[in-house]
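Student: Next input, structure requested:
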Amino acid sequence: MPKTKKRKKPSNRSETPASRPRDAQGRRTTGSIATTRKVVAVVGNLVGALALAAAVGMVAWLLIYTAGGGVIGDVFEDTVMAIATPFLLTLLSLTGFIFGQFAVRGRWGLGGGALFEGGFTRVELRPISVLLHIVFAGLAVAAWVLVVVVPVVRDAQSQAESGWGASGGMYFWYTVTVYAVVTGAIAAMVAVSLLKKLTYNRSLSRNADSIIPGSHAQLWWRKFSHIWRAELGIAGFAGAAFGLSPLGVHLQSPLYGFGALGIGIALMAIAVALALNSWRSGLPVERVESYT
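Tutor: Residues are numbered from 1 along each chain as shown. Alright, predicted model coming up:
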């Protein structure tokens, strides 16, 4: 009696990459790409969080130690490196969070633009909420107040050691100066980024018909704002000037204080004007494009 051939059950191996399940952003939820994305998300965010915690802790230690008359050179051989270490940790934290958050909230792809006109890679991001963005801005401002305003006020009230002559006081004010720049720059950049979030899409939808794809103006805004985010860089310089302005009280120099404040206002006005016009690139604000 002839044997009947058994039908083979369909194998999962026949599943093509295009047919694999995807999330709301169109990203694969299974396979090596999804696994890699999860690893990058965990490692990046963990590195970012640990580096930021270490930076905050070290700045706090530096300020408390030197405010009490301590000399950094008694603990670290290289005083400059000791003061700069929290800043380097902040950069490491930023790098970790960029990769971690891009893995959590982003979809990677090719830029597709011509050389020097568009980036080689792009990331379509799921933006954080406006409320969370406001919280981040508030935390940055609070850090600046604690690092700069509180020491200046206490110094003005003669409640803390001051004066560039005393070694402990000298290191204390060196630390305050460095992190006045860092915290001020971060706060201003987050604030201008929030302004873009609140205004960009509305302006783009209202003025989309005025944008000519491939025109000189559209390509310029694409490079200047969409790829390089240059308005945020200008905002960072503005924030650094704002951050330093209270030190005019410690230095007993109105010229220093008002000069830094004036520079900050001028740069921030430029940054805000650029942010309010960044829609002229014609590209979604949630998209990040890069030459790398």
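
Student: From A235, how far off is G262?
Tutor: Going from G262 to A235 by Cβ to Cβ, to the nearest Å gives 16 Å. Yep, even glycine has a C-beta here, placed from its N, CA and C like the rest.

Student: Neighbour count for the two, which is higher?
Tutor: A235 (28 against 12; other Cβ atoms under 10 Å).

Student: tell me which element the more buried one falls in.
Tutor: If you go by DSSP states H and E, A235 is part of helix 230-244.

Student: quick one: contacts of that helix?
Tutor: 144, 148, 177, 180-189, 191-193, 196, 224-225, 260-261, 263-268, 270-271, 274-275, 278 (Cβ atoms under 8 Å, 6 or more residues apart in numbering).

Student: Mind doing that once more with 6 Å?
Tutor: 144, 180-181, 184-185, 187-189, 192, 224-225, 260, 263-264, 267-268, 270-271, 274-275 (Cβ atoms under 6 Å, 6 or more residues apart in numbering).

Student: again with stretch 281-292
Tutor: 111, 119-125, 127, 200, 211, 218, 221-222, 225-227.

Student: Can you mark which positions in it are buried?
Tutor: Buried residues in stretch 281-292, counting neighbours by 16 or more other Cβ atoms under 10 Å, are found at S281, G282, L283, V285, R287, V288, E289.

Student: Looks to me like V288 is in a helix.
Tutor: No. According to DSSP: H, G, I helix; E, B strand; the rest coil, the state of V288 is strand, so it is not within a helix.

Student: Let me know the pLDDT of the residue most central in space within the chain.
Tutor: Geometric centre of the chain, nearest residue: L94, 6.3 Å, by Cα atoms, centre = their mean. For L94, the pLDDT comes out at 97.

Student: Name the nearest residue to it, sequence neighbours excluded.
Tutor: Nearest non-adjacent residue to L94, counting by Cβ to Cβ, 6 or more residues apart in numbering: G48, 7.3 Å away.

Student: which ones are touching the one you found?
Tutor: By Cβ under 6 Å, 6+ apart, the neighbours of G48 are S93, G96, F97, G100.

Student: starting at the chain centroid, how far to whichever strand or helix holds the second one?
Tutor: So that's G96. Following DSSP H and E, one finds G96 within helix 79-105. Computed by Cα atoms, centre = their mean, to the nearest Å, the chain-centroid distance of helix 79-105 equals 10 Å.

Student: need the contact list for E124.
Tutor: R107, R287.

Student: Need the three-state assignment for it.
Tutor: Here E124 takes the strand state, with states given by three-state DSSP.

Student: on that earlier part again, now, among the contacts of G48, which is nearest to S253?
Tutor: Among those, S93 lies closest to S253 (Cβ to Cβ), at 33.4 Å.

Student: Distance check, that closest one against A103.
Tutor: As judged by Cβ to Cβ, S93 and A103 stand 16 Å apart.

Student: ok, so of the buried residues of stretch 281-292, who is nearest S32?
Tutor: Here the nearest of these to S32, counting by Cβ to Cβ, is V288; it sits at 23.5 Å.

Student: In the sheet, which residues pair with the closest one? Tell me.
Tutor: Beta-bridge pairing of V288 under DSSP bridges involves V123.

Student: so how far is N201 from the residue nearest to the centre of the chain?
Tutor: Taken as Cβ to Cβ, the span from L94 to N201 is 25 Å.

Student: Do you know the pLDDT at R22?
Tutor: 85.

Student: what about the nearest residue to it once chain neighbours are set aside, neighbour count?
Tutor: Among residues not flanking R22 along the chain, R28 sits closest, at 5.7 Å (Cβ to Cβ, 6+ apart). By the criterion of other Cβ under 10 Å, R28 has 16 neighbours.

Student: Could you verify my assumption that R28 touches A34?
Tutor: Yes. If you go by Cβ atoms under 6 Å, R28 and A34 touch, sitting 5.1 Å apart.

Student: show me where pLDDT drops low in the stretch 51-200 of the chain?
Tutor: 111-119, 159-168 (pLDDT under 70).

Student: need the helices for it, in chain order.
Tutor: Ranges of helices within the stretch 51-200 of the chain are 79-105, 130-144, 150-156, 167-207, based on DSSP state H, counting those that start in this stretch.
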